[in-house]
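J.: What follows is a predicted structure for the sequence shown.
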Amino acid sequence: MFDFLWTNEILRLFYISIGVQWIGCTLAVLLHTEKFYDLTGSLTFLLLTHLSYDNSNKSRRQTVQSWMVFAWAVRLGLFLFIRIMKDGEDKRFDKAKQNPSVMFKFWTVQGIWVFVTLLPTLLLNSSRRNPPIGSRDYIGWAIWTIGFVFEVVADAQKTYFRSYPANKGKFITTGLWSISRHPNYFGEISLWFGLYISASSGLSGLGYLSVLSPILVMLLITKVSGIPLLAAAGKKKWGEDPEYQRYVENTPVLVPFIKT
């Protein structure tokens, strides 16, 4: 069961997550910009992880878990911020930034997403249990490492591909993109499942329900805002291109080498 103090700590972090987004939303509406949306999300990951770790036992498990989140948040936050500054806009916000109520929904959802995604880490850092490091920890850390490498390499390959003027308007089919149409998303899903697996070795009871974290990430990417949107955009742009049709037909959607 949850004890009173533990519940209060988790609720405090939830309120902080939402509060940071509302402050960001206010500034975004006043400035009519969406450029720091993703960066604010990454900073919220860092803030909540830091606060929870600061109140933890600072065990080896908690330290490794927290630093893995730090590494992911810093890398992805900077990558997305640099990309939007270069592109000049985020098309997801074409209509939203003209409507404060829609912007409020976008930012509030981000606060909830950050909190739920971080739940295994927040619960682990709130736990006083500290069983010996075991196979579950190493398996989780290994999956995180594979996922992180996939995400970093895939993003770097796509950025490099797009840096050449000759590739403007083309789609990438090389490197990791030759074995998966969305290798960066495969990496993202994998690393959060890895973090749940490693955190679960320090959790108990209702704490295991934090498996909602990687499941939510997977569902958002595969059913809502990730792959479906990109697939629709790709079909609209290259749907009549025979080479694109072959690429879609022969390349796994998500998991490398596995057609579904």
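T.: All right, it came through fine. Just so we're clear, the structure is a prediction, and the values are computed from it rather than from any experiment.

J.: Look up how far Glu249 lies from the residue in the chain sticking out farthest from the centre.
T.: The C-alpha centroid of the chain is most remote from Pro242, which lies 32.6 Å away (CA atoms, centre = their mean). Distance, Pro242 to Glu249, using CB to CB, to the nearest Å: 10 Å. Using the backbone N, CA and C atoms, a C-beta is placed for each residue, glycine as well.

J.: Just the local confidence number for Arg128, please.
T.: Arg128 carries a pLDDT value of 87.

J.: Nearest spatial neighbour of it, chain-adjacent residues omitted?
T.: Using CB to CB, 6 or more residues apart in numbering and skipping the chain neighbours, the partner closest in space to Arg128 is Asn57 (6.5 Å).

J.: doesn't Arg129 make contact with the one you found?
T.: No. Counting by CB atoms under 8 Å, Asn57 sits too far from Arg129 to count as a contact (9.3 Å).

J.: For the two, indicate the residue with more neighbours.
T.: For Asn57 versus Arg129, the count of surrounding residues by other CB atoms under 10 Å is larger for Asn57: 16 against 13.

J.: Distance check, the more buried one against Met68.
T.: Counting by CB to CB, the gap from Asn57 to Met68 is 17 Å.

J.: where do the helices sit along the stretch 51-200 of the chain?
T.: Taking DSSP state H, counting those that start in this stretch, the helices of the stretch 51-200 of the chain run over residues 60-87, 100-126, 135-162, 183-200.

J.: so which of those gets nearest Ile23?
T.: Across the helices of the stretch 51-200 of the chain, Ile23 has its closest neighbour in helix 100-126 (9.2 Å, CB to CB).

J.: So what's the gap between the closest one and the chain middle?
T.: 11 Å (CA atoms, centre = their mean, to the nearest Å).

J.: since we're on Tyr160, how many residues are nearby?
T.: Residues lying near Tyr160 (other CB under 10 Å) number 13.

J.: repeat for Leu78
T.: The burial count for Leu78: 12, using other CB under 10 Å.

J.: so who does the closest residue to Ser190 other than its chain neighbours touch?
T.: Counting by CB to CB, 6+ apart, Ser190 lies nearest to Gly147, which is 3.1 Å off, once chain neighbours are set aside. Neighbouring residues of Gly147 by CB atoms under 8 Å, 6 or more residues apart in numbering: 186-194.

J.: Please apply the same query to Ile197.
T.: The neighbours of Ile197, taking CB under 8 Å, 6+ apart as the test, are 136, 139-140, 143.

J.: Can you list the low-confidence ranges for the stretch 1-150 of the chain?
T.: 1-6 (pLDDT under 70).

J.: Nearest to Trp238 among the contacts of Gly147?
T.: Nearest member of the contacts of Gly147 to Trp238, counting by CB to CB, is Phe186, at 21.2 Å.

J.: Fine, thanks again, bye for now.
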